[in-house]
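[1] predicted model follows, preceded by the sequence.
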Amino acid sequence: MIRAENVKGIRGLMNLGNTSFMNSALQCALHTQCLVDYFLSGLYRSDINRSNPLGSGGNLCEEFAALMREMWSDEDSSIKITRFKDAIVGLAPQFAGYQQQNSAEFLSCLLDILSEDLNRILRKPYVTWPTFSETDNQYEAAEESMKKFLFRNMSIIVEKFIFQLKSRVFCPQCSKVYISFDPCLILTLPIPLIEHTLKITFVRYYNVSPIVRFGVKVTLESTAKDIKLVLSQISGVSHLQMVIAEVRSNRIHHIFEDGVTVCDFGENIVCYETPELGNNHTMLKIEFKNQDSVDFYRIPLLLWIDHLEKLNSRDLYNMVSDFISVKNDPLENPFYLFVGKDPLVKNDESSPVQFSEQKEPKALTLMFDASFDVLNSYKSKENTIDHESVQDSLRDKKLTLHDCFEEHRKSRKLSPEDAHYCQQCKAFVEADKKVELWNTPPILVVSFDRFLHKNPYKIETSVEAPLDNLDLSNFVLDREFHAAKYELFAVCLHYGRLGGGHYASLAKCENNDWYSLDDTWCQKVSEEKATEMCDKNAYILFYKKKGEEL
């Protein structure tokens, strides 16, 4: 573990195996000052509700308090969270095992259970949740809703984190409007699907140099065919003679059909020009490797061969040699061809090459003798120049946190799965729903809806979130509510894609310095670096209201 300057409260959390999602959320919670004061002072002990069937009998609360004491002790070693994990799994079995999970879902579960463990309401009365109309006094309606919620819930989590969302549902069948004021712990904000510039490397057939990188304006709903049509206009190559692929570590990871959207694209997208194809052409991917290395290098190529099933090893070797423009005698070239792990005998004319065990596209590995200077020759051919369209990325709109608040309060039509039951129509209807912020809490937790539900894709769009003086006065409906400004004090970060990504966090200490907390790795970072990390990778933001005793 690295603990910069031995700052109190800066300690790493051990990763038990894909538990970075848990560590990152815990670091944010363990650096929330009102919770620090509450648990370190011991005040929580008198609030533990061991008879609440919705809680853990105080078990999770005790383990969280133990973590808090360890975090803020004078020790500097990393903390093992095994006992805490066992405690939360007892009530939330979805977090058992060692699969990567969603940090926002974990945080919501943690705050819910802590609130129940610390609920001062020992016997919860039965209440019916009210709905209102637009003719009702909205302030009285919001107050009545909060009172009913407080009849059953009263804890430090409620006092510091809970706020209200005003929901307006309009039935298009009978025009009836339903108004409700719902308590909420975490505000989930959508990220607007704005147009941005996707950088695509374009590889001409027959290994034409130099390779050109284009910039194509897309949204997350743009398809591979849309991109081909734009590239066709820029490059002059027919969109019918293009294949779009994702390249990872200099290997072709996936080839996309025309209907696939940008949502499924990775970070490194390559478009390959194809020759005019007949019915008997087979696609081969050629990937380059040094004999003395396990790594692949340069952009891989795609080769189309007519009647591949008739070619023997010598034919294939010569064809590949001609395609990659190695000008020496093909039989003397210092490279070897592998089909999977099997080397081809380059002079073998006895039988056709067997690809039967391979998936499409079939793969060839071209391995060079490490002593041959053709390595440098091939690397020099990979010089990539940027087309003027790439510069458009500099003019892409920069999203701000306020843009996400604007998107959040837009009216949306409910999907059939989320249809609203209209009491007047006596049926489920795809109603129009609008959700707005009624008031704000002392601690405002904001989560970005980065993961699309229709496919395993993460919205990578950067969002500029202010570290200080976040003003929400334009988004809060309750005009009687004090529209204070907020200061950021902790951030849960997510890197990579859904399922295979990694979580880390940022926390601001009492000395106003920012620290990067990545499992057991703890390091001081500048405010500029913290801003950069937050804008690019923020998943959950923790804000505290300024000028208020927390």
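    That came through, no problem.

[2] which residues does the residue nearest the centre of the chain bridge with?
    Computing the C-alpha centroid of the chain and ranking residues by CA atoms, centre = their mean puts Lys458 first, at 4.1 Å. Note on Lys458: beta-bridge partners by DSSP bridges are Phe451.

[3] surely it touches Gly501?
    Yes. Lys458 lies in contact with Gly501 (CB atoms under 8 Å); the separation is 7.2 Å. (C-beta placed from N, C-alpha, C; glycine too.)

[4] which SS class is His531?
    Heads up, residue 531 is Thr, not His. helix (DSSP: H, G, I helix; E, B strand; the rest coil).

[5] any low-confidence regions in the stretch 201-350 of the chain?
    206-209, 292, 325-334, 345-350 (pLDDT under 70).

[6] show me where it has helices.
    In the stretch 201-350 of the chain, helices defined by DSSP state H, counting those that start in this stretch lie at 224-235, 313-323, listed in chain order.

[7] want to throw those into JSON lines with distance to Ser516?
    As requested, the helices of the stretch 201-350 of the chain are arranged in JSON lines below (distance: least, CB to CB, whole Å):
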{"stretch": "helix 224-235", "distance to Ser516": "36"}
{"stretch": "helix 313-323", "distance to Ser516": "47"}
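
[8] got a markdown table for these, with mean neighbour count too?
    Below are the helices of the stretch 201-350 of the chain laid out as a markdown table (neighbours: other CB atoms under 10 Å):
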| stretch | mean neighbour count |
| --- | --- |
| helix 224-235 | 18 |
| helix 313-323 | 19 |
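
[9] out of the ones you listed, which comes closest to Glu532?
    Minimum separation from Glu532 across the helices of the stretch 201-350 of the chain (CB to CB) falls at helix 224-235, 28.9 Å.

[10] hang on, the earlier thing: and for Lys458 and Gly501, which residues touch both?
    Shared contacts of Lys458 and Gly501 (CB atoms under 8 Å, 6 or more residues apart in numbering): His494.

[11] before we move on, the earlier item: among the helices of the stretch 201-350 of the chain, which comes closest to His254?
    Among those, helix 224-235 sits nearest to His254 (CB to CB), with 11.0 Å.

[12] returning to what we had before: can you tell which of the helices of the stretch 201-350 of the chain is closest to His402?
    helix 224-235 (29.5 Å).

[13] tell me the helices and strands packed up against the closest one.
    strand 196-203, strand 211-218, strand 242-248, strand 269-273 (3 or more CB pairs under 8 Å, 6 or more residues apart in numbering; DSSP states H and E).

[14] 10 Å - rerun?
    strand 196-203, strand 211-218, strand 242-248, strand 251-256, strand 269-273 (3 or more CB pairs under 10 Å, 6 or more residues apart in numbering; DSSP states H and E).

[15] for the stretch 401-550 of the chain, give me the ranges with low pLDDT.
    452-457, 482-483, 498-500, 548-550.

[16] quick one, helices of it?
    Along the stretch 401-550 of the chain, the stretches classed as helices by DSSP H, counting those that start in this stretch are 401-408, 527-537.

[17] gap between the first one and the chain center?
    Centroid separation between helix 401-408 and its chain, computed with CA atoms, centre = their mean, to the nearest Å, is 18 Å.

[18] buried ones in that helix?
    Within helix 401-408, the residues scored as buried using 16 or more other CB atoms under 10 Å are Leu401, His402, Asp403, Cys404, Phe405, Glu407, His408.

[19] tell me how far the fourth one lies from Ala538.
    Noted for Cys404: a distance of 11 Å to Ala538, by CB to CB, to the nearest Å.

[20] what's the spacing between Ser108 and Gln101?
    Separation of Ser108 from Gln101 (CB to CB): 12 Å.

[21] hey, what's in contact with both of these two?
    Shared between the contact lists of Ser108 and Gln101 (criterion: CB atoms under 10 Å, 6 or more residues apart in numbering) are residues Ala25.

[22] bridged to the closest residue to Phe323 other than its chain neighbours, which residues?
    Spatial nearest neighbour of Phe323, chain neighbours left out: Leu303 (5.3 Å); criterion: CB to CB, 6 or more residues apart in numbering. Beta bridges link Leu303 to Leu284, judged by DSSP bridges.

[23] isn't Leu303 up against Val320?
    Yes. Applying CB atoms under 10 Å, one finds Leu303 in contact with Val320, separated by 6.8 Å.

[24] now do the shared contacts for these two.
    Common neighbours of Leu303 and Val320 (CB under 10 Å, 6+ apart) are Leu284, Ile286, Leu364.

[25] what would these look like in a markdown table with neighbour count?
    Formatted as a markdown table, the shared contacts of Leu303 and Val320 follow (neighbours: other CB under 10 Å):
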| residue | neighbour count |
| --- | --- |
| Leu284 | 22 |
| Ile286 | 18 |
| Leu364 | 24 |
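
[26] which one of these is nearest Phe542?
    Using CB to CB, those come closest to Phe542 at Ile286, 49.2 Å.

[27] was I right to think the closest one contacts Val339?
    No. If you go by CB under 10 Å, Ile286 and Val339 don't touch, sitting 11.5 Å apart.

[28] picking up where we left off before, between Cys404 and Ala538, what contacts are shared?
    Common neighbours of Cys404 and Ala538 (CB under 10 Å, 6+ apart) are Val446, Phe448, Val463, Ala465.

[29] Ile113 versus Leu185, what's the distance?
    Taking CB to CB, one finds Leu185 at 12 Å from Ile113.

[30] what about stretch 68-80, average pLDDT?
    In this model, stretch 68-80 has a mean pLDDT of 91.

[31] can you pull the buried residues of it?
    Residues Met68, Glu70, Met71, Trp72, Ser78, Ile79 are the ones in stretch 68-80 that count as buried (16+ other CB under 10 Å).

[32] alpha carbons only: can I get stretch 213-225 in PDB?
    Output in PDB follows, covering the C-alpha atoms of stretch 213-225 (Å, rounded to 0.1, in the frame of the first residue of the first chain):
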ATOM      1  CA  ARG A 213      -7.600   8.100 -39.700                       C
ATOM      2  CA  PHE A 214     -11.000   9.800 -40.300                       C
ATOM      3  CA  GLY A 215     -13.400  11.500 -37.900                       C
ATOM      4  CA  VAL A 216     -17.000  10.600 -38.300                       C
ATOM      5  CA  LYS A 217     -19.900  12.300 -36.500                       C
ATOM      6  CA  VAL A 218     -22.000   9.700 -34.700                       C
ATOM      7  CA  THR A 219     -24.500   9.200 -31.900                       C
ATOM      8  CA  LEU A 220     -24.800   6.100 -29.900                       C
ATOM      9  CA  GLU A 221     -27.700   5.100 -32.200                       C
ATOM     10  CA  SER A 222     -25.600   5.300 -35.400                       C
ATOM     11  CA  THR A 223     -25.000   2.000 -37.100                       C
ATOM     12  CA  ALA A 224     -22.000   0.500 -38.800                       C
ATOM     13  CA  LYS A 225     -23.700   1.100 -42.100                       C
END
